[in-house]
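Q: okay, predicted coordinates and the sequence, questions at the end:
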Amino acid sequence: MHELSITRSVVAIVAERAAGRRVTRVRLQIGALSAVMPEAVRFCFGVCAADTPLAGAALQIDEIPGLGCCDDCGAHVPLDALVGRCPDCGTASLRVIAGRELNIKEMEVESCV
Amino acid sequence: MCVTCGCGNTEEALTLHTAEHEHVHADGTRHTHSHPHIPGFAAVPFRDAALHSHAASVPGRDTRTLQLESQILGKNQVTAERNRSRLAARGILALNLVSSPGAGKTTLLERTLTDLKSELRFGVIEGDQETSNDAERIRATGVPAVQINTGTGCHLEADMLQRALEALDPAPESLLMIENVGNLVCPALFDLGERAKVVIFSVTEGEDKPLKYPHMFAAAEVLLLSKTDLLPHIRFDIDLAASHALSVNPRLRIFRVSAYSGEGLPQWYGWLKSELALCRVPA
């Protein structure tokens, strides 16, 4: 359940950046090959955000599909696992070019009055 | 009706429910999403707030969007890099030993320390959820060891290593063995500042373990296929296991070892010595 640590990191980074302002929305990017389950992060978020400036904030998660590039023929291949084969030339040497993302894209805070 | 999203599911019948449903925000924007509903949690305020308020803009309040582009594991990474440069400055070779529980990490480590302690200096950091049994086993070999108990945590993180390094204060040009919590999933994601991850995979597991847990095998540089003394007694195709591991990570260096018979240990020790030599700080 590394998603709990991951979510704690999200809350720590966003709370620091919020500098005392209330956070109303957080937008994450989680790749399909990152080994992090968006559902588990959603589940942990409410618990981790309680009693922080993120309490009650909406959580938006952009799920990035996996994509590999074939080193042999250059084809781009959708990947749902770290291991795959190129459907064009059959080689197993696919380089992951998308799907490992684990980022905080943006956050929304209440403006200071 | 579900009090959280208004779907037709009843409180009693709630299990895991991930159907997509639509929301309309105060500003008129619509979107669909899905999430699990769990018995007893439907009415908990955080779920309502975190999953459903979608306060893209709270009425009557001004909000501002900040672009972050931060890596979620960025803080851990910064600490890991700091650990790595401190270890490198002292010529210490740090290895992060990972495996599922029971693959034989501690036994292999005890044998390695016993065989090499007259030639090389060692320090050991033991990670487990509970008990200091493993650190005691290591100390019995005469090598200094520090135990980290993670409690409910399922992996070590870079700041835990940082604190353990302060307690252990490993000798210059020594070999630092970090035995992670037995878990083939979570430790793959957390860099501690080690030079390499060494994954231990025993012949009593399934040959397809590298395919089931590819992240760990992809993150490692060395694979120790352990407990090979048991091969005559069990059905395990070691060549198939090695080929599965290589299909996940073609760069993996593989040693077939047994802490009991000693098979493969000279090759493993040879690798340790050559890596340690690469870490040596020029005088």
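A: Yep, that arrived. Numbering: from 1, shown residues only, chains lettered A, B, ... in the order given.
Q: what comes into contact with stretch B:156-173?
A: A:5, B:76-77, B:79-80, B:82-83, B:86-87, B:90-92, B:96, B:121, B:123, B:125, B:127, B:144-146, B:148, B:150, B:176, B:178, B:180-181, B:187, B:190-193, B:276, B:279-281 (C-beta atoms under 8 Å, 6 or more residues apart in numbering or on different chains). To be clear about C-beta, it is placed using only N, CA and C from the backbone, and glycine gets the same treatment.
Q: which of the residues you listed fall within helices?
A: Members of the contacts of stretch B:156-173 lying in helices (criterion: DSSP state H): A:Ser5, B:Asn76, B:Gln77, B:Thr79, B:Ala80, B:Arg82, B:Asn83, B:Arg86, B:Leu87, B:Leu276, B:Cys279.
Q: ok, back up a step: buried among the contacts of stretch B:156-173? Make that a ChimeraX selection.
A: Listed next is the ChimeraX selection for buried residues among the contacts of stretch B:156-173, using 16 or more other C-beta atoms under 10 Å in any protein chain shown:
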select /A:5 /B:76,79,80,83,87,91,92,96,121,123,125,127,144,145,146,148,150,176,178,180,181,187,190,191,192,193,276,279
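Q: what residues are up against residue 102?
A: By default, I'm working from chain A. A:Leu102 sits next to A:Ile6, A:Gln29, A:Ile30, A:Gly31, A:Ser34, A:Val36, B:Gln71, B:Ile72, B:Leu73 when contact means C-beta under 8 Å, 6+ apart.
Q: was after chain B, sorry
A: B:Gly182, B:Ser202.
Q: and the pLDDT at it?
A: Listed pLDDT for B:Gly102 reads 93.
Q: would you agree it falls within a helix?
A: No - under DSSP: H, G, I helix; E, B strand; the rest coil, B:Gly102 falls outside any helix and is assigned coil.
Q: I'd like to know how far it sits from B:Ile200.
A: B:Gly102 is 10 Å from B:Ile200, where distance means C-beta to C-beta, to the nearest Å.
Q: number of nearby residues for B:Asp159?
A: Using other C-beta atoms under 10 Å in any protein chain shown, the number of residues around B:Asp159 comes to 16.
Q: in PDB, list the C-alpha atoms belonging to the one helix or strand it maps to.
A: Counting by DSSP states H and E, the element that carries B:Asp159 is helix B:158-168. What follows is helix B:158-168, C-alpha atoms only, in PDB (Å, rounded to 0.1, in the frame of the first residue of the first chain):
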ATOM      1  CA  ALA B 158      15.200   7.700   1.800                       C
ATOM      2  CA  ASP B 159      14.700   9.700   5.000                       C
ATOM      3  CA  MET B 160      14.700   6.400   7.000                       C
ATOM      4  CA  LEU B 161      18.000   5.500   5.400                       C
ATOM      5  CA  GLN B 162      19.400   9.000   6.200                       C
ATOM      6  CA  ARG B 163      18.600   8.500   9.900                       C
ATOM      7  CA  ALA B 164      19.900   5.000   9.900                       C
ATOM      8  CA  LEU B 165      23.200   6.200   8.400                       C
ATOM      9  CA  GLU B 166      23.600   8.700  11.200                       C
ATOM     10  CA  ALA B 167      23.100   5.900  13.700                       C
ATOM     11  CA  LEU B 168      25.400   3.300  11.900                       C
END
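Q: helices of the chain, start to end?
A: Using chain A here. For chain A, applying DSSP H gives helices covering A:3-18, A:38-49.
Q: chain B was what I was after
A: Ranges of helices in chain B, per DSSP H, are B:45-47, B:74-89, B:105-116, B:133-139, B:158-168, B:209-212, B:214-219, B:238-248, B:265-279.
Q: does chain A sit close to the longest strand seen in chain B?
A: Longest strand in chain B by number of residues (criterion: DSSP state E): strand B:63-71. Yes - contact of strand B:63-71 with chain A (C-beta under 8 Å from any C-beta of the partner chain) involves B:Thr63, B:Arg64, B:Thr65, B:Leu66, B:Gln67, B:Leu68, B:Glu69, B:Ser70, B:Gln71.
Q: weed out the non-buried ones from these.
A: Those of the residues of strand B:63-71 next to chain A that meet the buried threshold are B:Thr63, B:Leu68, B:Ser70, B:Gln71, by 16+ other C-beta under 10 Å.
Q: need the pLDDT of the first one.
A: Right, the one you point to is B:Thr63. So B:Thr63 comes in at 89 (pLDDT).
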